[in-house]
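K.L.:
sequence unavailable; structure follows:
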């Protein structure tokens with residue numbers, strides 16, 4: 001996209017991209033498959049491989065490393081279209097394109113980029129985030145999992161929680177305490193840890209939504225990792241806090257906003273169709289004022305969510321400061337998805353409680369989003385702080 005006057009028409013290449021992803025979803029991600037992935041907590045690996053074959057894993061990888069060039073706006077469009085059908089596919093796509101592609105591209109050493117980014121672009125590399133811990137949620141500077149240097153190795157001990165997809169990832173992106181805890185921000189390091197190493201134990205954590213890619217507890221007992229796995233190279237030891245900031249962090253908020261938008265759009269589409277087909281008291285329920293108002297409110301909210309997401313994505317795409325806008329998008333879109341899906345659930349009535357329809361899954365997925373990836377309250381604090389409220 002260009003820096004021309006405001007124009008809300010997506011350029012031709014994005015329209016073509018959306019069309020191709022929509023066809024893919026219709027052909028390769030039928031509704032019944034999405035239901036099975038959710039019920040069985042099944043990772044649809046073959047679908048991810050087919051997405052990679054379309055070149056969609058390269059949207060956050062520079063051409064020099066085998067990608068299509070970094071296009072954050074297009075990445076969000078792909079996530080949105082996939083999430084309309086299934087977060088079981090949207091999540092591993094994010095693990096590849098956002099967790100791995102963005103963090104390596106923004107913070108990796110040249111050697112790490114040369115080695116790993118081509119694997120991202122070809123669909124052969126997933127990252128899981130190892131940030132939260134049993135005693136640490138939003139206050140990441142207080143992480144307790146430790147890392148110490150022993151020659152050319154790093155020895156890791158501790159535990160990570162809510163580590164989504166740890167069992168299918170190639171690396172866990174671990175934020176570790178690499179010095180005295182009193183120094184907080186000054187003694188943190190990010191290390192890329194293969195989850196198959198000796199001393200790692202992975203156990204499942206059940207949750208109501210965003211299934212298909214299981215969330216895990218991960219414990220580390222004297223796990224040894226090469227020092228070359230420090231993100232950015234050995235010179236970034238004890239400099240991990242600075243690596244959490246930047247465009248990759250903004251993209252994390254946007255990717256969840258894109259999931260939220262996709263879920264809300266899917267819920268509105270299903271409820272709208274139901275309202276036109278369901279007849280009560282001698283006419284389609286879409287002719288009853290209460291249903292009309294619910295659906296119009298929902299559709300208006302979705303329109304606003306779209307504007308919030310893509311205006312922020314436009315800024316991030318250009319490397320402009322956008323921490324306020326991405327936090328606003330995350331706040332508005334994720335809260336909006338929870339609200340819209342429940343409005344649509346009321347439209348379809350008792351059918352919205354049955355797993356024979358998709359609506360109850362939309363609701364379960366959507367109510368998770370204001371909590372994960374930085375809660376709504378954290379986003380409000382971020383916005384207030386960035387705008388110097390009360391300073």
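P.N.:
Here it is on my side, so go on. Source: prediction; values computed, not measured.

K.L.:
separation between residue 115 and residue 109?
P.N.:
9 Å (CB to CB, to the nearest Å). (C-beta placed from N, C-alpha, C; glycine too.)

K.L.:
what segments of the stretch 1-150 of the chain are helices?
P.N.:
12-28, 31-40, 45-53, 72-83, 87-94, 103-107, 110-121 (DSSP state H, counting those that start in this stretch).

K.L.:
now the longest one against helix 87-94, angle please.
P.N.:
The one in question is helix 12-28. 130 degrees (axes from the mean of the first three to the mean of the last three CA atoms, to 10 degrees).

K.L.:
same thing with the last one?
P.N.:
Computed with the same axes, to 10 degrees, the direction of helix 110-121 lies at 150 degrees from that of helix 87-94.

K.L.:
quick one: contacts of helix 110-121?
P.N.:
Helix 110-121 is contacted from outside by 57-58, 60-62, 65-68, 96-97, 100-101, 104-105, 108, 125, 170, 192, 228, 231-233, using CB atoms under 8 Å, 6 or more residues apart in numbering.

K.L.:
any stretches of this structure with poor pLDDT?
P.N.:
Along the chain, segments meeting pLDDT under 70 span 1-6.

K.L.:
about what we covered before: as CSV, the helices of the stretch 1-150 of the chain with mean neighbour count and distance to residue 385 would be great.
P.N.:
Output for those, formatted as CSV (neighbours: other CB atoms under 10 Å; distance: least, CB to CB, whole Å):
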stretch, mean neighbour count, distance to residue 385
helix 12-28, 14, 33
helix 31-40, 16, 37
helix 45-53, 16, 37
helix 72-83, 26, 24
helix 87-94, 28, 26
helix 103-107, 24, 22
helix 110-121, 19, 32
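
K.L.:
this structure: strands as residue ranges?
P.N.:
For the chain, the strands defined by DSSP state E occupy 127-130, 146-150, 153-160, 171-177, 188-193, 200-205, 215-226, 279-280, 283-284.

K.L.:
residue 299: which of those strands is closest?
P.N.:
Of all those, strand 283-284 sits nearest to residue 299, with 17.0 Å by CB to CB.

K.L.:
need the contact partners of the closest one.
P.N.:
275-278.

K.L.:
one more: stretch 263-273?
P.N.:
Contact partners of stretch 263-273, identified using CB under 8 Å, 6+ apart, comprise 80, 83-85, 87, 286, 294-295, 298-299, 301-302, 305, 333, 336-337, 340-341, 343-345, 347-348, 357-359, 362-363, 365-366, 369.

K.L.:
distance from the chain centre to it, please.
P.N.:
From the chain centre to the centre of stretch 263-273 is a distance of 21 Å (CA atoms, centre = their mean, to the nearest Å).

K.L.:
would you mark the buried spots in that stretch?
P.N.:
Across stretch 263-273, burial judged by 16 or more other CB atoms under 10 Å covers 263-268, 270-272.

K.L.:
using JSON lines, lay out those together with distance to residue 282.
P.N.:
JSON lines is the format used below for these (distance: CB to CB, whole Å):
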{"residue": "263", "distance to residue 282": "33"}
{"residue": "264", "distance to residue 282": "31"}
{"residue": "265", "distance to residue 282": "31"}
{"residue": "266", "distance to residue 282": "30"}
{"residue": "267", "distance to residue 282": "27"}
{"residue": "268", "distance to residue 282": "25"}
{"residue": "270", "distance to residue 282": "23"}
{"residue": "271", "distance to residue 282": "21"}
{"residue": "272", "distance to residue 282": "20"}
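
K.L.:
dump the strands of the chain to TSV, plus distance to residue 254 and mean neighbour count.
P.N.:
TSV is the format used below for these (distance: least, CB to CB, whole Å; neighbours: other CB atoms under 10 Å):
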stretch	distance to residue 254	mean neighbour count
strand 127-130	15	26
strand 146-150	29	16
strand 153-160	24	21
strand 171-177	18	26
strand 188-193	21	25
strand 200-205	25	14
strand 215-226	21	19
strand 279-280	40	11
strand 283-284	37	12
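
K.L.:
let's have these in CSV, adding distance to residue 21.
P.N.:
Compiled in CSV, the strands of the chain are given as follows (distance: least, CB to CB, whole Å):
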stretch, distance to residue 21
strand 127-130, 22
strand 146-150, 39
strand 153-160, 32
strand 171-177, 26
strand 188-193, 29
strand 200-205, 30
strand 215-226, 26
strand 279-280, 34
strand 283-284, 31
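
K.L.:
so for residue 325, which of the ones you listed sits nearest?
P.N.:
Closest among the strands of the chain, using CB to CB: strand 127-130, at 22.3 Å.
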